[in-house]
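Enquirer: let's see this in three dimensions:
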Amino acid sequence: MIEATLCFVLRESEIDETNETSETSETSETSETSETSETDSNTDVLLIEKRRGLGEGWYNGPGGKLESGETPRECAVRETREEVGLEIAPDALEYAGELTFLLDEEIHTVCHVFRTTEFAGEPRPSDEARPEWVAVDDVPYDQMWEDDRLWLPGVLDGDTVAGEFHFAGGPPLDEAAFVDHELEWGVSFESR
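Expert: As a prediction, the model looks like this:
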């Protein structure tokens, strides 16, 4: 079984004088997100286009596998720094979801999902990922894992989720068929 993280960094959209979203980024964001706040068309999320490994060519949030002795929160901080160069304080991460992926009815991956509006630095590409700010209303779900469209909109809107996703057809996971899912919204992750 793989234990992994995803981190979704959110910011207010930067609008130029013609009301179009700008591709530049602030050196830091400090606005806060709460579970009761809702995002709107004035919010961007930092996505990465995976350059290698599982899900290569697809979009997602920065993240990856936990290293030995590492907590999910520590992993999310490290992976975001390694993949896109942003610095995030561990206590600035909000635990937003726990996703369990089954492949041929065996647990393949447990993924801890975090979100934050607090970060320092500017996103930069790495061997692993090409970062891109995307308006929350324009997330390219057709270029993401099939299950992402089921849980990610709620997470980006401030909700919490526990999910189980079933894939069939054998390894690798990104070539297996998505066959079923269960979602529970409004889950409390206070101890995480």
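
Enquirer: so what's Glu87 closest to, chain neighbours aside?
Expert: Residue nearest to Glu87 in three dimensions, not counting chain neighbours: Ala120, with 4.4 Å by C-beta to C-beta, 6 or more residues apart in numbering. Using the backbone N, CA and C atoms, a C-beta is placed for each residue, glycine as well.

Enquirer: what's the burial count for that neighbour?
Expert: Residues lying near Ala120 (other C-beta atoms under 10 Å) number 15.

Enquirer: ok, what's across the strand from it?
Expert: Counting by DSSP bridges, Ala120 forms beta bridges with Ser28, Glu87.

Enquirer: quick check: end-to-end length of stretch 156-174?
Expert: One end of stretch 156-174 to the other measures 23 Å (C-alpha to C-alpha, to the nearest Å).

Enquirer: now do the helices in the chain.
Expert: Under the criterion DSSP state H, the chain carries helices at the ranges 72-84, 148-156.

Enquirer: most tightly surrounded among these?
Expert: Ranked by mean neighbour count under mean count of other C-beta atoms under 10 Å, the helices of the chain are led by helix 72-84, which reaches a mean of 22.

Enquirer: what's the mean pLDDT across that helix?
Expert: For helix 72-84, mean pLDDT rounds to 98.

Enquirer: what of stretch 173-192?
Expert: 92.

Enquirer: for that stretch, which positions count as buried?
Expert: Using 16 or more other C-beta atoms under 10 Å as the test for burial, stretch 173-192 gives 173, 176, 178, 181, 183, 189.

Enquirer: check contacts around the closest residue to Glu79 other than its chain neighbours.
Expert: Once flanking residues are discounted, Glu79 sits nearest to Gly64: 4.3 Å by C-beta to C-beta, 6+ apart. Listed by C-beta atoms under 8 Å, 6 or more residues apart in numbering, the contact set of Gly64 reads 4-5, 75, 79, 82-83, 128.

Enquirer: tell me the pLDDT at the residue nearest to Glu87?
Expert: 98.

Enquirer: what's the spacing between it and Trp151?
Expert: To Trp151, Ala120 is 28 Å away according to C-beta to C-beta, to the nearest Å.

Enquirer: then Lys50?
Expert: 18 Å.

Enquirer: make a markdown table out of the helices of the chain and add distance to Arg11.
Expert: Output for those, formatted as a markdown table (distance: least, C-beta to C-beta, whole Å):
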| stretch | distance to Arg11 |
| --- | --- |
| helix 72-84 | 13 |
| helix 148-156 | 12 |
